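> 3D model of this:
(2 chains)
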Number of protein chains: 2
Amino acid sequence: MTPPKLYFSQDEFQQRIRKTRAEMGQRNLDLLIVTDPSNMNWLTGYDGWSFYVHQCVVVPLSGDPIWFGRGQDGKGALRTCFMAPENIIGYPDHYVQSTERHPMDYLSAQLADRGLAKGRVGVEMDNYYFTAAAYGALQTHMPNAQFVDANALVNWQRAVKSEAELGYMRQAGKIVEKMHQRIFDKVEPGLRKCDLVADIYDAALRYDEVAGFGGDYPAIVPLLPSGPDAAAPHLTWDDAPMKSGEGTFFEIAGVAHRYHCPLSRTVFLGKPTQIFLDAEKAVLEGMDAGLEKARAGNTCEDIALAFFAVLNKYGIVKDNRTGYPIGLSYPPDWGERTMSLRPGDKTVLEENMTFHFMTGLWMDDWGFEITESIRIGANGPECLSNVPRKMLVKD
Amino acid sequence: MTPPKLYFSQDEFQQRIRKTRAEMGQRNLDLLIVTDPSNMNWLTGYDGWSFYVHQCVVVPLSGDPIWFGRGQDGKGALRTCFMAPENIIGYPDHYVQSTERHPMDYLSAQLADRGLAKGRVGVEMDNYYFTAAAYGALQTHMPNAQFVDANALVNWQRAVKSEAELGYMRQAGKIVEKMHQRIFDKVEPGLRKCDLVADIYDAALRYDEVAGFGGDYPAIVPLLPSGPDAAAPHLTWDDAPMKSGEGTFFEIAGVAHRYHCPLSRTVFLGKPTQIFLDAEKAVLEGMDAGLEKARAGNTCEDIALAFFAVLNKYGIVKDNRTGYPIGLSYPPDWGERTMSLRPGDKTVLEENMTFHFMTGLWMDDWGFEITESIRIGANGPECLSNVPRKMLVKD
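This is a model prediction of the structure:
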């Protein structure tokens, strides 16, 4: 059999499992059922676009984790997970989208066979891919288990990145640099959005002969709304041409082996309006203030308060958080879903935590984004990519 | 205020809502809470990459539906939904990824204010984006409601496509033709997978001056595993070069305004092995047999049984379904999640239902896919794209 392709050492996987088990111990859990595809990959290496059917990784108190998924995807698990084949369980295809049986019924029986269908069992209650029906099926078919919300338990273990992980994130940073360069080279009035997106994917994916790597798919497609559409942060593209006199923000990420480096910039075609010039000034000054606080020992809130203080000074109201942790991700989100850079979040920053410092403004009829992805250092942040930090103006 | 961009007439939205309410009536539902992004779009026009936070569309017994989502995404709802602003409810940002409060708490209060937090309330129990925690929050905060599983209720209403929908699906068919042409033009030994994916996106997205449209993003990224990796249906690409002597399947879709036309083909570089030649012969003959049954009045099972009978004749075992309905979709799946083309599914085919006839084979150390996306006609199927139906061989 072809050995699996692993992007991390066995040691690193074992370390991750130990960290996870330590937290399980803190919470007196006997078993953890992990449905977040990012957590599944982080614990086992599993990588595949199969999260549209029910699947999970089960972490018992000892031994290797167990991958559980659709039978045909078991082959993908054999090719990407570090575990031996006996730890890969595939369920029969008549469990897929059936109204009579649920894949979690099958999992329950498999766990019972292994003596694992009992005790305090952690589940990721608020993770997509752990549906209300999946939970109901487990409750019905594991009557001797007591279910405990372990949402984000594994996500929190992912917060501090290893050197190997940072290596991929810096690769992703190189990729996002090329993507923004391509945007600036190509953007002009009359250019259709869909054509620009084709160029963004081209810059994101093609193999770089000098750097020695190509790109992976992002957990969120490129977002590049213009003019009043930019008031909404999450509209996707159409095939309309770009216009002079409008601002467009580009929220995109470079990706290497599922590790993301998001980075946003704003382009103004023609002479920028005073609103955009004022936004640029406030955001850049606010970012400087926030980055100043981005060091180990400070808190998430420290970064946010420093940034918001500058916005307030300029009379700008931003009523949403200003950042989130990043790393390994699958659609629909490249955020890690633990801390937030917002007032009230007193999580202490540790060295090698990584964040998207998301300083975007979405106002009534315009939007503006200049952001950075950063690594928390002992004495200050490392920017994971190097793209000129300013509004790009093209006449 | 800028009027919303709608891709369907008000009449068509009202018709969809009427169909949905008729089924709600059959099930004695007083309210329907719809979390599937495809269903949300189909009922209201809502389009945006915001499904990584909690959101839904609420369908009461009378009046327009209500869009509910994150405050900042409310602006996107105003720009893409047909409803008036009073039917767009945004929740405050401190509900996002909070461990203390859930967006569904807020929804419950809003529904109570409108007198809607009672009676029989349908929820999509097994849809991703309806998490166990979301259901728990609704149960806690809507004590006067009785929750009923209405999973796929709206999906079923989407099964028969309108002329306008078929128009977009045929556009998507034109796009996937260009994608396969590009693959055949570019594929050769030594070409890196990531570079080929860049080309696939380029063909998928760029504006076609003759046809008059560009492309939208697919709900599943391009899948193009080679050799033994093709045994696993859902591995994504890496940056390794393609090799002579290997088969590669390409499972891709063209997309127009979120409407998909998936289509798979297999490419063999070099002289095809007997295994691939045998697979081609069996699959093509099986497809002919299945397509022969693809007409209104027959059943889903009829197509599957005809296809599997031919495979059996050739001694090939495929232990998974051979197709599913398609149309409007968001990640992570381009299937409609209702019927399946498999033995036992006795759903009667109706004119203008649309399916991906997914005849892929994933064997121990190889894989093979030649598929068609079809519209069910009164007297037979319409293929939604025209790509030579054969294994493509390139020396």
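> Reduced to three states, what does residue A:267 come out as?
strand (DSSP: H, G, I helix; E, B strand; the rest coil).
> Any idea how far the lengthiest helix in chain A is from the middle of the chain?
The longest helix of chain A (DSSP state H) is helix A:163-186. Distance, stretch centre to chain centre, for helix A:163-186: 15 Å (CA atoms, centre = their mean, to the nearest Å).
> Which elements pack onto the helix or strand following that helix?
For helix A:163-186, the following helix or strand on the C-terminal side (DSSP states H and E) is helix A:193-205. When contacts are defined as 3 or more CB pairs under 8 Å, 6 or more residues apart in numbering or on different chains; DSSP states H and E, helix A:193-205 sits against helix A:163-186, strand A:247-256, helix B:193-205. The C-beta positions use only the backbone N, C-alpha and C, and glycine is treated the same way.
> what about the second one and chain B, any contact?
Spelled out, it's strand A:247-256. No: applying CB under 8 Å from any CB of the partner chain, one finds strand A:247-256 separated from chain B by no less than 9.5 Å.
> May I see the buried residues of that strand?
For strand A:247-256, the neighbour count (16 or more other CB atoms under 10 Å in any protein chain shown) marks A:247, A:248, A:249, A:250, A:251, A:252, A:253, A:254, A:255, A:256 as buried.
> Contacts only, for the fourth one.
The reference is to residue A:250. A:180, A:183, A:200, A:222, A:223, A:224, A:264, A:265, A:266, A:267, A:369 (CB atoms under 8 Å, 6 or more residues apart in numbering or on different chains).
> Excluding chain neighbours, what is closest to the second one?
Taking CB to CB, 6 or more residues apart in numbering or on different chains as the measure, residue A:183 lies nearest to residue A:250, with 5.7 Å between them; neighbours along the chain are not counted.
> List the contacts of the strand or helix carrying residue A:373.
Take DSSP H and E as the rule and residue A:373 turns out to sit in strand A:372-376. Residues outside strand A:372-376 that contact it (CB under 8 Å, 6+ apart) are A:161, A:166, A:169, A:173, A:176, A:260-263, A:287, A:291, A:294-296, A:326, A:349-357, A:381-385, A:389.
> What are the boundaries of the helices in chain A?
Going by DSSP H, chain A shows helices at A:10-26, A:37-44, A:71-80, A:103-113, A:132-141, A:153-157, A:163-186, A:193-205, A:274-292, A:300-313.
> so what secondary structure elements neighbour the fifth one?
For helix A:132-141, the packing partners by 3+ CB pairs under 8 Å, 6+ apart come out as helix A:103-113, strand A:119-123, strand A:145-149, helix B:132-141.
> interface residues of the stretch 151-300 of chain A facing chain B?
A:151, A:192-195, A:197-198, A:201-202, A:204-207, A:213-217, A:220-221, A:223, A:228-229, A:231-239.
> When you filter the residues you listed down to buried only, what's left?
A:151, A:192-195, A:197-198, A:201-202, A:204-207, A:213-217, A:220-221, A:223, A:228-229, A:231-239.
> What are the neighbouring residues in contact with residue A:382?
Applying CB under 8 Å, 6+ apart, the residues contacting residue A:382 are A:374, A:375.
> Okay, it and residue A:354: tell me how far apart.
From residue A:382 over to residue A:354 the distance is 9 Å, taken as CB to CB, to the nearest Å.
> before we move on, back to that, relative to strand A:247-256, how tilted is the strand holding residue A:373?
When axes from the mean of the first three to the mean of the last three CA atoms, to 10 degrees is applied, the directions of strand A:372-376 and strand A:247-256 differ by 40 degrees.
> Would you mark the buried spots in strand A:372-376?
Those would be A:372, A:373, A:374, A:375, A:376, for strand A:372-376 by 16+ other CB under 10 Å.
> Show the model's pLDDT score for residue A:99.
Note on residue A:99: pLDDT of 85.
> Equivalent analysis for the one 4 residues further on, please.
Per-residue confidence for residue A:103 comes out at a pLDDT of 98.
> cool, residue A:318 as well?
At residue A:318, pLDDT is 89.
> Now it, what are its backbone angles?
phi -120, psi 120 (degrees, to the nearest 10).
> beta partners of the closest residue to residue A:353 other than its chain neighbours?
Nearest residue to residue A:353, sequence neighbours excluded (CB to CB, 6+ apart): residue A:376, at 4.5 Å. Beta-bridge pairing of residue A:376, defined through DSSP bridges, involves residue A:381.
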